[in-house]
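K.L.:
Requesting a structural model of the entry that follows:
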Amino acid sequence: MTKLTKSGLNPDNFITTIDGKPVALFVLTNDNGVEACITNYGGRIVSLMVPDREGKLTDVELGHDSIANYLADDGNFGALIGRYGNRIGYGKFMLDGVEYTLPINNGPHCLHGGLIGYDKKVWDAKQDGNRLELTLVDPDGTEGFPGTLNVKVVYTLTDDNAIDIEYSATTDKPTIVNLTNHSYFNLNGDLASSIHNHVLTVDADRITPADETLITDGSFMDVEGTPFDFRAPKPIGQDINADNEQLKNGNGYDHSFALNHPGDISKVALRVMSPVTGIVMEMLTTEPAAQMYTGNFLDENLKGKFGVGYPARSAVAFETQHYPNTPNCPEYPSCELRPGETYYTRTIYRFTTA
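P.N.:
Below you'll find the model as predicted:
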């Protein structure tokens, strides 16, 4: 009989073959008994068991309990996102005088790499203890992106109860790259509960405002005096329904925060805490921004792990990245990658209690 994971997952439910490549569930543990379960289908974090204030291991990651359910759901639960995370306006960008056209899959825009992004790819996997290395070759022209991209993502479950994610990539012709992870977190110990009670602090003085189609134009907006001011701790739900144009555009928070210390992974970029469990998550990153998405379009009719429905705002995602629509916004730091260069970025999600 197959041994279940600490989160109750059956690894047998993840064993299959997709596009001729083997899929499985990889279980990482650390010296504290913390457990992270990851499948190489989409590089998805399936469950993440961390201790609450009483020491009880608690799953804080929304997801599914089988590959069949991931294949039936077009969502991004826990997935690696690429070749370009977030939106590219109207599915077009210019690079070295050439216009490239991408699939339109989110209103009038291209989102998260197009119709078949990295979340739907089977990655080659190699596990060494608490370290999982995933690699992918993304051919030239896939979803309209130029250049063959060789991608490596390493997940490490550290002994200070952190998921440390390192992304790297090389290309054979000029291209654009913006990789991230789309974990949906709920720290309450009940993955169907509202995250409005989560107390959030974000080290960001500005966001990138978005229009009614959720695309950015290269501008910034100060958070001072707005519902986007999380520089001091406050519940996520405190202002989420305020009479604010930006919140109406996103049906809640779906915005990129311009972090105050871009590139400095020694600084805590944001901190979020559940008053129910005392679980605290700190995020550190080398990226200039974090897209905060409060699960505004989740639907409780979509059943997650063990038949639990995930209603709207039952999770919050913090996607570290370059700014949305960067290829069309020269005001933002470039996301171009050229032959001979190596793309590298790192993000840490570290768990403690309060």
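
K.L.:
now the strands for the stretch 201-350 of the chain?
P.N.:
204-208, 221-222, 234-235, 254-259, 270-273, 279-285, 289-293, 317-321, 336-337, 343-353 (DSSP state E, counting those that start in this stretch).

K.L.:
can you redo those strands as TSV with mean pLDDT?
P.N.:
Converted to TSV, the strands of the stretch 201-350 of the chain look like this (pLDDT from 0 to 100):
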stretch	mean pLDDT
strand 204-208	98
strand 221-222	98
strand 234-235	98
strand 254-259	98
strand 270-273	98
strand 279-285	98
strand 289-293	98
strand 317-321	98
strand 336-337	98
strand 343-353	98
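
K.L.:
Reformat these as TSV; add distance to N32.
P.N.:
No exception for glycine: its C-beta is placed from N, CA and C like everyone else's. Converted to TSV, those look like this (distance: least, C-beta to C-beta, whole Å):
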stretch	distance to N32
strand 204-208	31
strand 221-222	40
strand 234-235	28
strand 254-259	28
strand 270-273	19
strand 279-285	14
strand 289-293	26
strand 317-321	23
strand 336-337	37
strand 343-353	10
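
K.L.:
would a markdown table of the ones you listed with distance to T156 and mean neighbour count be doable?
P.N.:
Formatted as a markdown table, the strands of the stretch 201-350 of the chain follow (distance: least, C-beta to C-beta, whole Å; neighbours: other C-beta atoms under 10 Å):
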| stretch | distance to T156 | mean neighbour count |
| --- | --- | --- |
| strand 204-208 | 26 | 21 |
| strand 221-222 | 35 | 14 |
| strand 234-235 | 31 | 15 |
| strand 254-259 | 22 | 23 |
| strand 270-273 | 20 | 21 |
| strand 279-285 | 14 | 22 |
| strand 289-293 | 20 | 25 |
| strand 317-321 | 16 | 24 |
| strand 336-337 | 24 | 18 |
| strand 343-353 | 9 | 19 |
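
K.L.:
out of these, nearest to N150?
P.N.:
strand 343-353 (10.1 Å; C-beta to C-beta).

K.L.:
Starting from the closest one, tell me which strands it pairs with and how they run.
P.N.:
strand 162-171 (antiparallel), strand 279-285 (antiparallel) (DSSP bridges).

K.L.:
Reformat those as JSON lines; add distance to L187.
P.N.:
Output for the strands paired with strand 343-353, formatted as JSON lines (distance: least, C-beta to C-beta, whole Å):
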{"stretch": "strand 162-171", "distance to L187": "14"}
{"stretch": "strand 279-285", "distance to L187": "4"}
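
K.L.:
Just the helices from the stretch 51-200 of the chain, written as ranges.
P.N.:
In the stretch 51-200 of the chain, the helices defined using DSSP state H, counting those that start in this stretch lie at 67-72.

K.L.:
Strands of that one, residue ranges please.
P.N.:
Under DSSP E, counting those that start in this stretch, the stretch 51-200 of the chain gives strands at 57-59, 79-81, 87-88, 92-95, 98-101, 110-111, 124-128, 131-138, 149-157, 162-171, 175-176, 180-182, 199-202.

K.L.:
what would those strands look like in CSV with mean neighbour count?
P.N.:
Formatted as CSV, those follow (neighbours: other C-beta atoms under 10 Å):
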stretch, mean neighbour count
strand 57-59, 21
strand 79-81, 26
strand 87-88, 27
strand 92-95, 16
strand 98-101, 12
strand 110-111, 26
strand 124-128, 14
strand 131-138, 18
strand 149-157, 20
strand 162-171, 21
strand 175-176, 24
strand 180-182, 26
strand 199-202, 20
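
K.L.:
possible to save the ones you listed as a markdown table with mean pLDDT and distance to V316?
P.N.:
Shown next, in a markdown table, are these (pLDDT from 0 to 100; distance: least, C-beta to C-beta, whole Å):
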| stretch | mean pLDDT | distance to V316 |
| --- | --- | --- |
| strand 57-59 | 98 | 15 |
| strand 79-81 | 98 | 16 |
| strand 87-88 | 98 | 19 |
| strand 92-95 | 98 | 29 |
| strand 98-101 | 98 | 32 |
| strand 110-111 | 98 | 18 |
| strand 124-128 | 98 | 28 |
| strand 131-138 | 98 | 24 |
| strand 149-157 | 98 | 20 |
| strand 162-171 | 98 | 16 |
| strand 175-176 | 98 | 27 |
| strand 180-182 | 98 | 12 |
| strand 199-202 | 98 | 8 |
